[in-house]
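Peer 1: With the sequence up front, the predicted model follows.
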Amino acid sequence: MIYLAIGISSFILSLVLTPLAMKAAVRFGIMDRPVTGLKKHKKPVPYLGGVSIFIAFAVPVIVSKLIIHQELYGVVGILAGAALMMMLGLFDDIKGLSPAVKLVFQFMAALIVLKVNLHIKFMDNNIFNYALTILWVVGVTNSINLIDIMDGLAGGVVAVASLAFFVAGMLAGRINDMIPAIALFGAVMAFLVYNRHPARIYMGDAGALFLGFMMAVLALNQSYSRVNYIAVLSPLLILGVPLFDTFLVIFARLRKGLLPIYGSDDHLAQRLVMIGLSKTNAVRFLVGLTFVLSALAITSTFLAISGALVLYLGIAIAAIMFAMLVMSVDMKNYRKVHRKRK
């Protein structure tokens, strides 16, 4: 029951704080203005949604840990790194930061994770474990930022993934994973009330970087299965949509001679719109796909190694075929087409 209480508390807090964040954003001019071709909305939209999500997440986590364990041990590193990413994103939303500066602070957040002994542990060499952990934290943090291109997309994917990490933590008996996962789920679900199309508020980089960091950290240090070691790949399925989109975008931009750090209309959700889906249905499809992949990830933890291998091989083949399909889409007229798709 305590986890239900945590989730409900986060939901209510976020439901109350998000409208306040909207008013504060308008009051102080912290708005996402459509000043470039990559901005598809027609009028300024308030930022600061990420701040309301963070507060609605952090308060129940701190209170519940103090009630259950009378200390914050186990979540200090998570809270510190999350706060750093939220503040980094907030400063970027207000003033704007270069990719290099953001990368430095993301690296610092990854070091915080290592400091509290949250890292990948399935390799024998700790140097490789640490290096892979840093790459994972930075990569996943940016992957959530990359998919934040349509109303409700990043929030919807993170909500489903948070619930999946909660279930994984519950199956493994990891309380310090369950508490932040269910708190994040509640906070993001309430935010989606205001962020669904047409969005009344955006999470901004304050939200995207914070949520990306949380996805990376919740995936770490999990005992995913006592039945097969293949289940260690479960986070790759749970976060399959943002990771797939990241590799797709990198490949597409490099093929066009662009550096991946520079934006262009080549995301998975945008390609689905060009295939014929409305923007709303493209978001629903990707959130639904996250749910299916998360369910398969949880299922894989109960399978014998042979069954898990077959499952992951089948998913890999399907992913390759899907990538070939979406990469064949001509994106030249996307800016004209997207205006017609609600």
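Peer 2: Nice, thanks for sending it over. Keep in mind that what you see is a predicted model, and the values were worked out from it rather than measured.

Peer 1: how far away is the residue lying closest to residue 237 once chain neighbours are set aside from residue 114?
Peer 2: The shortest distance from residue 237 to any non-neighbouring residue, by Cβ to Cβ, 6 or more residues apart in numbering, is to residue 297 (3.8 Å). C-beta here means a position set from N, CA and C on the backbone, and glycine is covered the same way. Between residue 297 and residue 114 the computed distance is 25 Å (Cβ to Cβ, to the nearest Å).

Peer 1: the more surrounded of these two?
Peer 2: Between residue 297 and residue 114, counting by other Cβ atoms under 10 Å, residue 297 is the more crowded of the two (27 against 16).

Peer 1: on that earlier part again, tell me the pLDDT at the residue nearest to residue 237?
Peer 2: Looking at residue 297, its pLDDT is 94.

Peer 1: can you check residue 267 too?
Peer 2: The model reports residue 267 with a pLDDT of 89.

Peer 1: Next, count neighbours for it.
Peer 2: Neighbours of residue 267 under the rule other Cβ under 10 Å: 25.

Peer 1: so where's the stretch 201-342 of the chain shaky on pLDDT?
Peer 2: 221-226, 263, 335-342 (pLDDT under 70).

Peer 1: what helix or strand does the residue lying farthest from the centre of the chain sit in?
Peer 2: Relative to the C-alpha centroid of the chain, counting by Cα atoms, centre = their mean, residue 306 is the outermost residue, at 30.3 Å. In this assignment (DSSP states H and E), residue 306 forms part of helix 305-327.

Peer 1: elements contacting that helix?
Peer 2: Contact analysis of helix 305-327 by 3 or more Cβ pairs under 8 Å, 6 or more residues apart in numbering; DSSP states H and E lists helix 240-255, helix 268-275, helix 279-300 as its packing neighbours.

Peer 1: Now do the strands in this protein.
Peer 2: Secondary structure of the chain (DSSP state E): strands at 31-32, 45-46.

Peer 1: Just put these in CSV and tack on mean neighbour count and mean pLDDT.
Peer 2: Below are those laid out as CSV (neighbours: other Cβ atoms under 10 Å; pLDDT from 0 to 100):
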stretch, mean neighbour count, mean pLDDT
strand 31-32, 18, 84
strand 45-46, 24, 91
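
Peer 1: Quick one: those as a markdown table, columns for distance to residue 14 too.
Peer 2: Listed next are the strands of the chain as a markdown table, based on distance: least, Cβ to Cβ, whole Å:
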| stretch | distance to residue 14 |
| --- | --- |
| strand 31-32 | 19 |
| strand 45-46 | 15 |
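
Peer 1: Ok, which of those strands comes nearest residue 88?
Peer 2: Among the strands of the chain, strand 31-32 comes nearest to residue 88, with 17.1 Å by Cβ to Cβ.

Peer 1: so what strands line up beside that closest one?
Peer 2: Using DSSP bridges, the strands paired with strand 31-32 are strand 45-46 (antiparallel).

Peer 1: Make sure residue 188 is actually in contact with residue 211.
Peer 2: Yes - here residue 188 reaches residue 211: they are 7.2 Å apart, a contact under Cβ atoms under 8 Å.

Peer 1: Neighbour count for the two, which is higher?
Peer 2: Applying other Cβ under 10 Å to residue 188 and residue 211 shows that residue 211 carries more neighbours, namely 36 against 31.

Peer 1: what about the more buried one, distance to residue 105?
Peer 2: With distances taken as Cβ to Cβ, residue 211 is found 16 Å from residue 105.

Peer 1: Same check on residue 113?
Peer 2: Taken as Cβ to Cβ, the span from residue 113 to residue 105 is 13 Å.

Peer 1: re earlier: in the helix holding residue 306, which residues are buried?
Peer 2: For helix 305-327, a neighbour-count test (16 or more other Cβ atoms under 10 Å) marks 308, 311, 312, 315, 326 as buried.

Peer 1: quick one: the second one and residue 299 touch, right?
Peer 2: Yes - with contact defined as Cβ under 8 Å, residue 311 and residue 299 form a contacting pair (7.4 Å).

Peer 1: burial of residue 176, as a residue count?
Peer 2: Per other Cβ under 10 Å, the neighbour tally for residue 176 reads 17.

Peer 1: isn't it right next to residue 76, touching?
Peer 2: No - assessed by Cβ under 8 Å, residue 176 is found out of contact with residue 76, at 10.2 Å.

Peer 1: Next, residue 47: phi, psi?
Peer 2: The phi/psi pair for residue 47 (degrees, to the nearest 10) reads phi -90, psi -160.

Peer 1: OK, contacts around the spatially closest residue to it that is not a sequence neighbour?
Peer 2: Take residue 47 and drop its neighbours on the chain: the residue closest to it by Cβ to Cβ, 6+ apart is residue 204, 3.9 Å away. For residue 204, the contacting residues are 32, 47, 48, 49, 50, 89, 90, 92, 93, by Cβ atoms under 8 Å, 6 or more residues apart in numbering.
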